[in-house]
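# Predicted model follows, preceded by the sequence.
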Amino acid sequence: MPAARAIDLQKGLEAAYAEYRAGRHDAALGALNPVLAALPGEATALNLLGAIKLAQGDAPAACEALTRAARTQPKNTEIQNALGSALRRAGRVADAEVAYRRAIAAKPAFAEAHFNLANLLLETERPEEAGAAYRRAVGIRPDYVAALLGLGRAKERTQDFARADEAYRTALGIEPRSPKAHLALARILGRDGVPGNESLEHYATAHSLAPGDAEIATDYGVALVRAGRTDEAYAAFQGAVARDPRKIEARVNLANLLCERGERDRALVHYLEALEVDPDCVEALVGIGNIAERDGKPGEAETAYRRALAADPKCVAAHSNLGTVLAAIGRRDAAVACFTRALAIDPDHADTHANLGHTLMGKGDWNGALAALDRALAIAPDHVDARLNRATARLLTRDFAGGWRDYLARDAKQSVGLGVHRQALPRKLDGAHVLVLADQGLGDELFFLRFVAGLRARGARVCYRASPRIAAMIARSGAADAIVGPNETPQDVSLTVSVGDLPHLLGMANATEIPPPLPLPPLPELRTAMSKHLAALGPAPYIGVTWRAGTKIHRNGLFKEVPRAALAAALAHAPGTLIGLQRQPAEGEVEAFAREAGRPVHDMTALNESIEEILALLDCLDDYVCVSNTNVHLRAGAGRTCLVLMPHPPEFRWMAEGEESPWFPGTKIYRQTPAGEWSAALNRIKDELK
């Protein structure tokens with residue numbers, strides 16, 4: 001070849017290298033093509049062609065070029081190493097390993113080839129061999145930070161966390177500003193439970209060194225969530241999404257936090273954005289299902305969970321959550337099947353055991369429910385929902401001691417204040433000045449006030465901090481020695497307790513120890529006025545009616561309702577006068593009840609806002625047909641009984657079975673069946689009122 005031609009080709013090759021190093025791959029290929037046309041077997045040019053093709057994402061073409069180069073120069077370690085990387089990218093893992101090992105055989109001190117081989121071995125689940133290859137790379141180049149990080153990853157895979165920690169710290173000693181080294185050390189330090197300060201410091205350092213790295217920001221956010229620093233986590237996830245809108249993990253975690261804040265509409269936007277990137281993103285689909293479930297849209301929730309399961313049939317959360325949706329709409333057998341599938345995948349999933357227990361309660365299988373709830377609490381002793389459901393199941397089945405002990409868990413949902421005594425009280429409280437705090441709703445407060453007498457019987461002087469609405473009524477009842485306002489605390493208090501804890505504190509263990517309801521005599525002048533008002537409305541007997549109570553909240557067992565039209569039909573021919581006492585009825589709802597009953601229903605629902613007036617009215621009624629609500633406690637305090645319609649599963653105070661509860665002697669219970677039927681209960685009421 002003429003010298004001038006050789007010089008031109010050499011210049012062309014150098015120009016191609018320059019364009020490649022500058023990242024201009026198409027220009028590099030354009031400069032290289034004349035060289036390859038003139039010298040199609042030239043190894044250096046083929047090596048560069050392989051590098052360009054690999055950078056362009058064409059791994060098969062890179063493999064072809066580098067294979068030709070390797071045939072020309074079989075002992076060229078750089079070419080063998082590059083061929084290994086191309087083959088690995090093309091998915092030809094076994095051939096890639098052969099190429100790397102050839103490079104190492106030809107040049108045992110080739111650190112990069114050892115490093116590349118180690119990466120391949122780690123990817124193919126051979127961490128012990130990978131660790132040895134990383135160590136050889138570091139032995140050749142002690143400052144090889146990437147190999148040290150790889151060694152740490154290999155040691156993590158073999159559960160040798162001490163050696164992994166050592167490798168990461170060595171890497172940081174060499175390159176203190178390496179974001180990857182800080183991130184790796186942060187991950188291993190925070191691998192168990194809540195990350196500590198050192199772990200969070202390394203996350204923060206990695207984040208500050210690489211503020212544009214969405215992966216680091218996301219990992220930092222996850223660690224902050226685990227540490228309970230949700231505001232900072234929120235900012236980290238927001239930053240990650242801003243830097244990389246297609247970062248699914250960041251979007252899902254951001255949406256999860258928004259859900260916890262109650263901002264479900266904003267959360268839904270991010271879940272949907274995640275699905276735009278990956279239509280099968282299981283975490284986003286489960287999140288969408290959770291939102292639909294909380295918004296009272298079981299059909300949409302079921303669809304989302306089933307999509308998640310189509311994408312990942314082993315998603316425990318999707319199986320378990322689908323079960324809760326099916327249980328909520330009465331498909332309890334199908335729900336149990338979902339929980340069974342979830343537990344086959346993960347036998348130690350506490351949420352699923354808890355959900356199974358709650359569903360078995362709905363089926364009336366109390367023994368099965370208790371077994372499932374016991375298992376949930378064995379796995380996760382702090383599982384509040386499981387403990388509260390077990391409290392209900394125990395109390396319903398007359399395990400009062402265990403039930404009241406579990407009932408202490410309610411303070412996770414209802415604050416009872418700090419410094420509250422929660423241990424069993426001594427039999428003698430002579431000289432003690434006990435401050436009793438109200439907690440939960442008015443109905444619960446009235447219910448538990450019956451136990452205050454137990455404190456006084458042990459010699460205590462009792463001061464009660466009542467809810468303002470019933471303070472005067474409680475003072476009149478004589479339940480306590482003194483009543484104080486919401487922000488008052490007597491100077492000489494020696495013990496502070498919560499009224500809802502009293503059954504546990506006093507050691508109530510069987511039904512014979514149940515105190516009678518707290519006497520609540522109505523004001524005489526109000527009772528006289530109510531009696532006259534009723535007489536003006538129509539003839540006796542006077543029958544009050546309430547068909548709904550509580551709030552319909554996601555997975556909340558406090559909502560009670562009997563079908564309004566069915567109840568109206570049952571009362572259509574009852575003698576006397578019907579009085580509507582539904583609290584906060586919808587507009588026109590009392591009128592609708594009257595049409596469904598085919599008779600007048602006098603609307604006195606507004607009296608629910610005046611505790612003294614409603615007490616006086618309840619004392620004047622001959623009968624009160626209702627679901628369990630605050631008025632039941634008021635009427636019991638007035639010494640009157642009710643006809644209580646009890647949805648299934650029942651509240652703890654109404655027992656698992658029977659026509660009467662020991663908590664409300666004389667009050668009759670009319671139960672919905674586990675299958676959801678009301679007809680037998682309503683027919684009984686219809687017959688008895690005749």
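Yep, it's here.
# all contacts plus neighbour counts: C-alpha atoms, from now on.
Fine.
# show me what contacts residue 458?
427-430 (C-alpha atoms under 8 Å, 6 or more residues apart in numbering).
# of those residues, buried ones?
For the contacts of residue 458, a neighbour count by 16 or more other C-alpha atoms under 10 Å gives the buried set as residue 429.
# Just flag the most distant two among the contacts of residue 458.
Comparing all pairs in the contacts of residue 458 by C-alpha to C-alpha, the longest separation belongs to 427 and 430, at 9.4 Å.
# got TSV for the contacts of residue 458, with distance to residue 367 too?
Listed next are the contacts of residue 458 as TSV, based on distance: C-alpha to C-alpha, whole Å:
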residue	distance to residue 367
427	33
428	37
429	38
430	41
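# Domains of this structure: list them as residue ranges, please.
433-513, 524-689 (automatic domain parsing).
# how far does the longest one stretch from start to finish?
Distance between the boundary residues of domain 524-689 (C-alpha to C-alpha, to the nearest Å) amounts to 28 Å.
# can you give me the offset of that domain from its chain's centre?
Distance, stretch centre to chain centre, for domain 524-689: 36 Å (C-alpha atoms, centre = their mean, to the nearest Å).
# mean confidence score for the strand or helix carrying residue 688?
Under the criterion of DSSP states H and E, residue 688 resides in helix 679-689. In this model, helix 679-689 has a mean pLDDT of 95.
# Name the residues of that helix that come out as buried.
Here helix 679-689 shows 681-683, 685-686, 689 as buried, counting by 16+ other C-alpha under 10 Å.
# Let me see the contact set for residue 132.
Applying C-alpha under 8 Å, 6+ apart, the residues near residue 132 are residue 118.
# That one and residue 118, how far apart?
8 Å.
# now do residue 14
Residue 14 is 32 Å from residue 118, by C-alpha to C-alpha.
# Which one of those two is surrounded by more residues?
residue 118 (30 against 16; other C-alpha atoms under 10 Å).
# what element comes up after the helix or strand containing residue 207 heading to the C-terminus?
Using DSSP H and E, residue 207 sits within helix 197-209. Per DSSP H and E, the first helix or strand lying C-terminal to helix 197-209 is helix 214-226.
# what angle sits between that next one and helix 197-209?
Counting by axes from the mean of the first three to the mean of the last three C-alpha atoms, to 10 degrees, helix 214-226 lies at 150 degrees to helix 197-209.
# then helix 214-226 to CSV, C-alphas only?
What follows is helix 214-226, C-alpha atoms only, in CSV (Å, rounded to 0.1, in the frame of the first residue of the first chain):
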residue,chain,number,x,y,z
ALA,A,214,-33.4,9.9,40.6
GLU,A,215,-32.4,6.4,41.9
ILE,A,216,-30.5,7.9,44.9
ALA,A,217,-33.3,10.3,45.6
THR,A,218,-35.8,7.5,45.6
ASP,A,219,-33.8,5.2,47.8
TYR,A,220,-33.2,8.1,50.2
GLY,A,221,-36.9,8.8,50.3
VAL,A,222,-37.7,5.1,51.1
ALA,A,223,-35.2,5.2,54.0
LEU,A,224,-36.8,8.4,55.3
VAL,A,225,-40.2,6.8,55.2
ARG,A,226,-38.9,3.9,57.2
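# Give the ranges of residues in the stretch 201-350 of the chain that sit below the confidence cut-off.
Residues of the stretch 201-350 of the chain meeting the criterion pLDDT under 70: none.
# same thing but at 90, please
212, 330 (pLDDT under 90).
# One more: the stretch 401-550 of the chain?
In the stretch 401-550 of the chain (pLDDT under 90), the answer is 410-420, 431, 439-441, 485-491, 550.
# now the buried residues of helix 679-689 as JSON lines including distance to residue 72?
JSON lines is the format used below for these (distance: C-alpha to C-alpha, whole Å):
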{"residue": "681", "distance to residue 72": "92"}
{"residue": "682", "distance to residue 72": "94"}
{"residue": "683", "distance to residue 72": "96"}
{"residue": "685", "distance to residue 72": "98"}
{"residue": "686", "distance to residue 72": "100"}
{"residue": "689", "distance to residue 72": "104"}
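# Return the residues in contact with residue 622.
For residue 622, the contact set (C-alpha under 8 Å, 6+ apart) comprises 540-543.
# Would you show me how to pick out the buried ones of those residues in ChimeraX?
The following ChimeraX line selects those of the contacts of residue 622 that are buried, judged by 16+ other C-alpha under 10 Å:
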select :541,542,543
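# quick one on the thing from earlier: residue 335: which of the domains of the chain is closest?
Of the domains of the chain, nearest to residue 335 by C-alpha to C-alpha is domain 524-689, at 13.7 Å.
# Test my guess that residue 247 contacts residue 214.
Yes. With contact defined as C-alpha atoms under 8 Å, residue 247 and residue 214 form a contacting pair (7.2 Å).
# Tell me which of those two has more neighbours.
Between residue 247 and residue 214, counted using other C-alpha under 10 Å, residue 214 has the larger neighbour count: 25 against 19.
# any idea what sits nearest that one, other than its immediate chain neighbours?
Closest residue in space to residue 214, ignoring its immediate chain neighbours: residue 240 at 4.3 Å, by C-alpha to C-alpha, 6 or more residues apart in numbering.
# So what touches the helix or strand where residue 503 lies?
Using DSSP H and E, residue 503 sits within helix 502-505. Applying C-alpha under 8 Å, 6+ apart, the external contacts of helix 502-505 come out as 401, 404-405, 422-425, 448, 451-452.
# give me the number of residues near residue 212?
15.
# for residue 636, helix, strand, or coil?
helix (DSSP: H, G, I helix; E, B strand; the rest coil).
# To what extent is it buried, counted in neighbours?
Residue 636 has 25 neighbours, counted by other C-alpha under 10 Å.
# and it, what does it touch?
Residues in contact with residue 636 (C-alpha under 8 Å, 6+ apart) are 517, 519, 664.
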